[in-house]
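> turn this into a model:
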Amino acid sequence: MSGSAAASNFKTFKELLITRRGQLLVVQINRPAVQNALRRRTINELLRALDIANADEGISVICLTGNATAFTSGNDLTELHNLQRKSGDDVLAAHLNSSNFVLKALVKKMLLNRKVVIALVQGNCVGMGVVIAALCDIIYATETAQFWLPFSQLGLCAEGGASWTLPHLLGRTKATELLLFGERLDAQSALRHGMVASLVLDEQEFWTRMEQHSQLPIVSLMATKRLLQQPWRQQVLDALDAECSQLNALRRGPIYRAQFLAFARRSKLSKL
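Down below sits the predicted model:
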């Protein structure tokens, strides 16, 4: 795909801002009113963006980011609340039943992308945000970054391969604390535990450096990425399958339904 054709495709996106900087493609989640929360449309646009970048021979590095407030606040639970209120329990149940399909599609798109995928995390990075960042080849963060996995608080379990990726990024004990108890991890701790490659103190310098990295020979970048992924990619997919089996049961249970509705109501009230 030519660069002009890709640029034309990117103009149709509504919930992502996509910027081409030479061979670097910046994909910014753009729902600032809800701290970049992810709904189905957002994820579908992300899947399309990854496909376009994967097919474009002029792109070598993809950077996923948000804004200064949030990388993303995770799945948009208010959307689920509104869906139930407007369309009823059966439509909500159908939506939840398809969640594993959407989740698997996203994880596989991330893992199978030929290009180098990095995350720049600023501010809040919650739930699916942490999952997405952990699937990237490299994570960078500003000092404001806060990682949070409130799966247990919502009556859920690890998802998106996080039961494999996080122990391998953070170490088993720290990852277990985050996944079980929903403890928050700040940028300095993430750096100390090896989840983050480095902290970004000067954003302009960061983008200049990423543009320079993106000019390295693309065949070399892709070959090394394949070699780095080969030993563990299937293990992430196996973990994803096991997680989805647990999630199916948990999403149908009364605890998750009560928790996400309560969370959505609190989020709505906080904006009034």
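> please make it C-alpha for all contacts and neighbour counts, starting now.
Noted.
> the chain: helices as residue ranges?
Taking DSSP state H as the test, the helices found in the chain are 3-10, 40-55, 77-87, 89-97, 99-112, 128-135, 162-170, 172-181, 187-192, 203-214, 218-229, 233-252, 254-270.
> packing partners of the second one?
To tie it back to what came earlier, the one meant is helix 40-55. helix 3-10, strand 16-21, strand 24-29, helix 99-112 (3 or more C-alpha pairs under 8 Å, 6 or more residues apart in numbering; DSSP states H and E).
> let's go with 6 Å and repeat that
The contact analysis (3 or more C-alpha pairs under 6 Å, 6 or more residues apart in numbering; DSSP states H and E) places helix 40-55 against no helix or strand.
> alpha carbons of it, in CSV - could you do that?
Written as CSV, here are the backbone C-alpha positions of helix 40-55 (Å, rounded to 0.1, in the frame of the first residue of the first chain):
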residue,chain,number,x,y,z
ARG,A,40,-16.2,-1.3,20.2
ARG,A,41,-15.7,1.4,17.6
THR,A,42,-12.4,2.4,19.1
ILE,A,43,-11.1,-1.1,19.0
ASN,A,44,-12.4,-1.7,15.5
GLU,A,45,-10.5,1.4,14.3
LEU,A,46,-7.4,0.2,16.1
LEU,A,47,-7.6,-3.1,14.3
ARG,A,48,-7.9,-1.3,11.0
ALA,A,49,-5.0,1.0,11.8
LEU,A,50,-2.8,-2.0,12.6
ASP,A,51,-3.8,-3.7,9.4
ILE,A,52,-3.0,-0.6,7.3
ALA,A,53,0.3,-0.1,9.0
ASN,A,54,1.2,-3.8,8.6
ALA,A,55,0.6,-3.7,4.9
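> and the contacts of it?
15, 113 (C-alpha atoms under 6 Å, 6 or more residues apart in numbering).
> give the rounded mean pLDDT of that helix.
The average pLDDT for helix 40-55 rounds to 96.
> ok, L111 - contacts?
So L111 contacts nothing (C-alpha under 6 Å, 6+ apart).
> can you pull the pLDDT of it?
You'll see L111 listed with a pLDDT of 96.
> report the separation between it and L228.
L111 is 12 Å from L228, where distance means C-alpha to C-alpha, to the nearest Å.
> count the residues that sit near R184.
Other residues near R184 number 16, with proximity taken as other C-alpha atoms under 10 Å.
> specify the beta-bridge partners of the residue lying closest to it once chain neighbours are set aside.
Once flanking residues are discounted, R184 sits nearest to W148: 4.8 Å by C-alpha to C-alpha, 6 or more residues apart in numbering. With DSSP bridges as the criterion, W148 is bridged to V126.
> hang on, W148 packs against V126?
Yes. At 4.8 Å, W148 counts as touching V126 under the criterion of C-alpha atoms under 6 Å.
> report the rounded mean pLDDT for stretch 10-17.
For stretch 10-17, the mean pLDDT works out to 91.
> next one: stretch 75-87
75.
> what does it rub up against?
37-39, 92, 261, 264.
> poorly predicted segments of the stretch 51-200 of the chain, please.
81, 84, 88-89, 91 (pLDDT under 70).
> check which residues of stretch 175-188 are buried.
Neighbour-count burial for stretch 175-188, with 16 or more other C-alpha atoms under 10 Å as criterion, is recorded at 175-176, 178-179, 182-188.
> and that stretch, how far from the chain's centre?
Relative to the chain's own centre, stretch 175-188 is displaced by 16 Å; criterion: C-alpha atoms, centre = their mean, to the nearest Å.
> circling back to that earlier point, out of the buried residues of stretch 175-188, who's nearest A68?
Set against A68, the nearest of the buried residues of stretch 175-188 by C-alpha to C-alpha is A187 (13.7 Å).
> ok, that closest one to E203 distance?
According to C-alpha to C-alpha, A187 stands 15 Å off from E203.
> report the buried residues of stretch 228-236.
Of the residues in stretch 228-236, V236 count as buried by neighbour count, 16+ other C-alpha under 10 Å.
> for that stretch, C-alpha coordinates in CSV please.
Taking C-alpha atoms only, stretch 228-236 is exported to CSV below (Å, rounded to 0.1, in the frame of the first residue of the first chain):
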residue,chain,number,x,y,z
LEU,A,228,12.4,-12.1,19.8
GLN,A,229,8.8,-13.2,19.5
GLN,A,230,9.3,-16.8,18.3
PRO,A,231,10.0,-18.4,21.7
TRP,A,232,6.9,-17.0,23.5
ARG,A,233,4.1,-15.9,21.1
GLN,A,234,2.3,-19.2,21.2
GLN,A,235,2.4,-19.2,25.0
VAL,A,236,0.6,-15.8,25.1
